[in-house]
Each structure stands twice: as C-alpha cells, then as structure tokens.
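Visitor: A predicted structure for the sequence below; I have some questions about it.
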Amino acid sequence: MYETVLLIVAALVVGMSKGGLSSAAAIAVPMLALFMNPVKAAATLLPVYIVTDWVGVWLYRHHFSRRNLFILVPAMLAGVAIATVITPYTPEWALLIFTGLIGIWHVGRAWLKRHDDSQAEAKVIPGLFWGTLTGIASFITHSGSPPAQAYLLPQKLPKLEFAGTIAIAFAIGNIVKLPAYWVIGQLDGLNWPLVAGLAVAGIAGTVAGRWLTARLSQQLYMRVIQIMLAVLSVLLLIRGATQVM
C-alpha cells in the first residue's frame, strides 16, 4: 500500500511538472528510490513522462519559444545519444552530484542577481552546452531540469512561454529515450497495467499543473520554480553522496 501511494504521488508530480511546474518531476525518481532501484524507477516512470509530455504539448501549443527549441532540442538529442553509450560505464553518483551542483549554482546566481532586470539572450553556444547536459542528465536520472533551467531562466521568458518551451523540448527528448531504454534493457519486466494506471494519474496532474501555472503571478511562479530547483538539487547531492559513501 505504501509503495502504491508513492507511485501515484510520483505520477501526479510528474504530471504537474508537465503542466508548468517544471522542476517538480525530477523529485519523482528520488521518491521511488526509497523502495526500488533508481534505474527501475526511471524506467517505470518513462511511459508516464511520455504520455504527460504530449498532454503538456497540447496545453501549451500556442506558448513556446521557437528559437530556444531550435537550439535546445538537437543538443538534447545529442545528449541522449551520448548517454546511451556511456550509461553502462558512468557511476550514477557522479551525474547526480554534477547535476545537483548545476542547480545550486543557478539558484545562487539567480539570488545574487535578483535585483537585475536585464534579460539574457537565447545564444547558440550556451544553449548547445546546457541542452547536451540536459539530454544526458534526463536519460540517466530524469533530472534534466537543472541544466535546462540554467539556460532558460536568465532569459526571463513569460511564464507560459517558459513552461511551453520546457514541455515541448522534453516531450521530444523523452520519446527518443524510449527505444534507447529498450536497447539497454531498462524496460524489461515492467508491470504495464500499473504503468497505465500511473499514466492516468499523470494526466490529471498535468491539467492541475496547467491550472496552477495560469493563476500564479510571474514573480511568484519564478520564485516557486527556483525553490523547487533548490530542493531538487539538494536531494540529488544527498543521493549522490550517499552512493559514494
């Protein structure tokens, strides 16, 4: 019963992230890792990510940054390809710690510049760098939000445009991960009726996330995203340090 409740909560959280609260999803795998292998947790949730991704795409079909997508998506796909090759050889703790440090760095930078009203541009080279890291981190631990947000948040996009860009980019990236996960055997032995039920919970979460995003002020929305990113990053660092010890 305890495990089932956590699975449903994780699916709802994934859905809410696809509805606009973009940092929320990456706490789902750490939550499930309390009682199951992190790799199996990631595989169990991948179909939920894919279903809720495309619900998010539909909800934000009129709100996204075309330029950022043209930069991020190819880089994310390159990151997925790299991760497919290196996953069998890369210790999970290394990526967890690295990804957590990226998130902490970004939150600290945002706090120091909280009175700076300037907006960063969507530059190609930084976008390719952060997009590649996003693809790698997303593939191995479903924690691609910190590097993606490190690139997008300084641009101070309108909240719906920010949420839509994240939703579309990850929808494309996650569907490409499906055959890659199959190739390396991460989809073997999944309980598909359970996964289908979790997908329904995820869809409900997506609609709820979209509703919340539309009603939060721009300033409060960004503050919520940054707080969630900070919490997530600390969780990733703790998980990584625990594995090292």
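Guide: Received it, and whenever you're ready, just let me know what you need. Numbering: from 1, shown residues only.

Visitor: Break down the protein into its helices, ranges please.
Guide: When assigned using DSSP state H, the helices of the chain occupy the ranges 2-18, 28-32, 38-59, 66-86, 92-112, 124-141, 145-152, 159-183, 192-215, 218-244.

Visitor: Which strands or helices does the shortest one pack on?
Guide: Under the contact criterion of 3 or more Cβ pairs under 8 Å, 6 or more residues apart in numbering; DSSP states H and E, helix 28-32 touches helix 2-18, helix 38-59, helix 218-244. Backbone N, C-alpha and C define where each C-beta goes, glycine included.

Visitor: Can you convert those helices into CSV and add a column each for mean pLDDT?
Guide: Written out in CSV, the entries for the helices and strands packed on helix 28-32 read as follows (pLDDT from 0 to 100):
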stretch, mean pLDDT
helix 2-18, 85
helix 38-59, 83
helix 218-244, 80
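
Visitor: I'd like to know which of those lies nearest to residue 139.
Guide: Using Cβ to Cβ as the measure, helix 38-59 is the one of those that comes nearest residue 139, at 8.8 Å.

Visitor: Give me the angle between that closest one and helix 124-141.
Guide: Orientation note: helix 38-59 sits at an angle of 130 degrees relative to helix 124-141 (axes from the mean of the first three to the mean of the last three Cα atoms, to 10 degrees).

Visitor: Relative to residue 236, how far out is the closest residue to residue 65 other than its chain neighbours?
Guide: Computed as Cβ to Cβ, 6 or more residues apart in numbering, the closest residue to residue 65 that is not its neighbour in sequence is residue 165, at 4.6 Å. From residue 165 across to residue 236, the span is 23 Å (Cβ to Cβ, to the nearest Å).

Visitor: Those two: who's more crowded?
Guide: Neighbours were counted for residue 165 and for residue 236 using other Cβ atoms under 10 Å; residue 236 has more, 29 against 25.

Visitor: So the nearest residue to the more buried one once chain neighbours are set aside versus residue 177, what's the distance?
Guide: Excluding the flanking residues, the one nearest residue 236 by Cβ to Cβ, 6+ apart is residue 100, at 3.5 Å. Residue 100 is 21 Å from residue 177, where distance means Cβ to Cβ.

Visitor: more crowded one of the two?
Guide: Residue environment comparison for residue 100 versus residue 177 gives the larger neighbour count to residue 177, 25 against 22, counting by other Cβ under 10 Å.

Visitor: you'd agree residue 145 is up against residue 229?
Guide: Yes: between residue 145 and residue 229 there is a contact at 6.8 Å, judged by Cβ atoms under 8 Å.

Visitor: Which one of the two is surrounded by more residues?
Guide: For the pair residue 145 and residue 229, the greater number of neighbours falls to residue 145 (29 against 25), based on other Cβ under 10 Å.

Visitor: Would you mind measuring from that one to residue 5?
Guide: In this structure, residue 145 lies at 24 Å from residue 5, with Cβ to Cβ as the measure.

Visitor: Mean pLDDT per helix and strand in this structure: which one sits at the bottom?
Guide: Ranked by mean pLDDT, DSSP states H and E, the weakest helix or strand in the chain is helix 28-32, scoring a mean of 72.

Visitor: any residues touching that one, and which ones?
Guide: Residues lying outside helix 28-32 but in contact with it, judged by Cβ atoms under 8 Å, 6 or more residues apart in numbering, are 6-7, 9-11, 13-14, 38, 41-42, 44-45, 141-143, 235-236, 239.

Visitor: Which members of the residues you listed are classed as buried?
Guide: Buried members of the contacts of helix 28-32, counted by 16 or more other Cβ atoms under 10 Å: 6-7, 9-11, 13-14, 38, 41-42, 44-45, 141-143, 235-236, 239.
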